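Engineer: Sequence and predicted structure, then a few things I'm wondering about:
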Amino acid sequence: MKFVIQRVLEASVEVEEQVIGKIGKGFLVFIGVGQNDTREIADKLIKKLVGLRIFEDENGKTNLSLNDVDGELLLISQFTLYANCKKGFRPSFTDSGAPDMAESLYEYIVSECKKSIPVVETGSFGADMKVSLTNDGPFTIILDSETL
């Protein structure tokens, strides 16, 4: 499982020219689910995501978490995080989780995040989405279950 986390001042997602998710200060998180991912793996990444201390405190140190700053989450499914570009110029996506399994895990991640973060917005699984953001920093973190 992979989470690409962008610290943002604001972010939104549109489907068919309609905004379906919008947040202020917080994290925009692109979520990739791999073939062998489980709820246990998701739990590990969720715990790390929610606890990340990458907002500045009064001394300018990155020492505050989402909850410390009343931050919000925008969670977007993105199977292309599992693109394999080793051969040729056309990526292979065979390492991505099957759509039914990936959607189930994505929905699980959303529901678990809602237990500890008051504002959790989402994209639409499998849809063609247009994502906008104002990156704060920029500050981007990649969590990969293979390296945690």
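Structural biologist: Nice, thanks for sending it over. Residues are numbered from 1 along each chain as shown.

Engineer: quick one: buried residues of the longest helix anywhere in the chain?
Structural biologist: Counting by DSSP state H, the longest helix found in the chain is helix 99-114. For helix 99-114, the neighbour count (16 or more other Cβ atoms under 10 Å) marks Met101, Ala102, Leu105, Tyr106, Tyr108, Ile109, Val110, Glu112, Cys113 as buried. From N, CA and C alone the C-beta is placed, and that goes for glycine too.

Engineer: quick one, what contacts the third one?
Structural biologist: So that's Leu105. Going by Cβ atoms under 8 Å, 6 or more residues apart in numbering, Leu105 touches Met1, Val33, Asp37, Thr38, Arg39, Ala42, Gly97.

Engineer: so what's it closest to, chain neighbours aside?
Structural biologist: Excluding its sequence neighbours, the residue lying closest to Leu105 (Cβ to Cβ, 6 or more residues apart in numbering) is Val33, at 5.0 Å.

Engineer: what about the one you found, distance to Asp68?
Structural biologist: 28 Å (Cβ to Cβ, to the nearest Å).

Engineer: rewinding a little: with the buried residues of helix 99-114 in mind, which one is nearest to Ser124?
Structural biologist: For those, the closest approach to Ser124 (Cβ to Cβ) belongs to Tyr106, at 10.5 Å.

Engineer: For burial, what's the neighbour tally of Gly71?
Structural biologist: Neighbour count of Gly71, defined by other Cβ atoms under 10 Å: 23.

Engineer: which non-adjacent residue is nearest it?
Structural biologist: Among residues not flanking Gly71 along the chain, Gly26 sits closest, at 3.8 Å (Cβ to Cβ, 6+ apart).

Engineer: Count the neighbours of the one you found for me.
Structural biologist: Here the number of neighbours of Gly26 (other Cβ under 10 Å) works out to 25.

Engineer: Verify the stated contact: it with Glu72.
Structural biologist: Yes. In this structure Gly26 lies within contact range of Glu72 using Cβ atoms under 8 Å: 3.7 Å.
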